[in-house]
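Novice: sequence first, then the predicted structure, then my questions.
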Amino acid sequence: MKLKGLAITFLLVAPLSAQADEIPITISADLPFFNKYVWRGVNLINDPVLQPSIDLEYKGWNLNLWGNYDINNAKRFDEYDVTLSYSGELPQGSWTAGYIDYNYPGADVQHSQEFFGRFALNQNLNPYIELNIDTDEVRGFYARAGVETGFTNSSGDFNFHSWISYGDKNMNNSLYGNNKSGLADFGIEATWSKQLSSNTTGYVNLGFTSLLNKDHLAGEPNRNNLIFGFGLGIGL
């Protein structure tokens, strides 16, 4: 069954199950603006974009609907993704496993899909590792390791995130035009957020990404990217 079918089934069945168990579904939305769209170190759109998303959570399950709206060029949604995942806790940390359905209306390749897993340790800096396996066009994998930390004071919440990644030859060839396994990209980002009301949070994000191999997108511009964004998170 394709993920779209799973998503529809989730939307239909989960509310009934939640009502029977008297456990509500948690619904949240994110409305961010970014100065560009960078994914896995690749500058896909070097102009402002909107990337709205909505999450539905129920008993560890999460359904995420995400889209990229190209403001200056196509003036439409040129990508929308559907992610279904399940998360759990272990004594040492937390884990998530799931499936992503990528859709690119109007592109030469209009669809791809990945399975993914993530494990984060309950330690200082919250180190984590992620693995995404493409089972469609690429048939390769992208792995990321990183750390996340933060603090809170009277002016709001401050969170910091950094990572480094590795791709096999199929993934690196697809993303960067380099048919060799090796390091892919790295990034750092900082986010400041502030509670605006009981169900609304505003935030500002600043990040930097760079490719880690001189042969990745060799000769192409925008191999290093400074990313700025701001938005609203809303609990429904």
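Specialist: Arrived safely.
Novice: got a list of what the residue nearest to residue 109 when sequence neighbours are not counted touches?
Specialist: Leaving aside its chain neighbours, residue 109 sits nearest to residue 137 (5.7 Å; criterion: Cβ to Cβ, 6 or more residues apart in numbering). The C-beta positions use only the backbone N, C-alpha and C, and glycine is treated the same way. The contact partners of residue 137, by Cβ atoms under 8 Å, 6 or more residues apart in numbering, come to 109, 112, 174.
Novice: kindly report the same for residue 50.
Specialist: 31, 32, 33, 68, 69, 71.
Novice: in PyMOL, how would I select the buried members of the residues you listed?
Specialist: Here is the PyMOL command that picks out the buried ones among these, judged by 16 or more other Cβ atoms under 10 Å:
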select buried, resi 32+33+68+69
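Novice: just the contacts of residue 50 now: which is nearest residue 119?
Specialist: Closest approach to residue 119 among these (Cβ to Cβ): residue 32, at 26.2 Å.
Novice: dump the residue contacts of that closest one.
Specialist: 50, 51, 52, 205, 229, 230, 231, 232.
Novice: after the helix or strand containing it, next one along is what?
Specialist: Element membership for residue 32 (DSSP states H and E) is strand 26-34. Next helix or strand after strand 26-34 toward the C-terminus (DSSP H and E): strand 37-39.
Novice: can you give me the buried ones in that next one?
Specialist: Under 16+ other Cβ under 10 Å, the buried positions of strand 37-39 are 37, 38.
Novice: I'm done for today, thanks for sticking with me.
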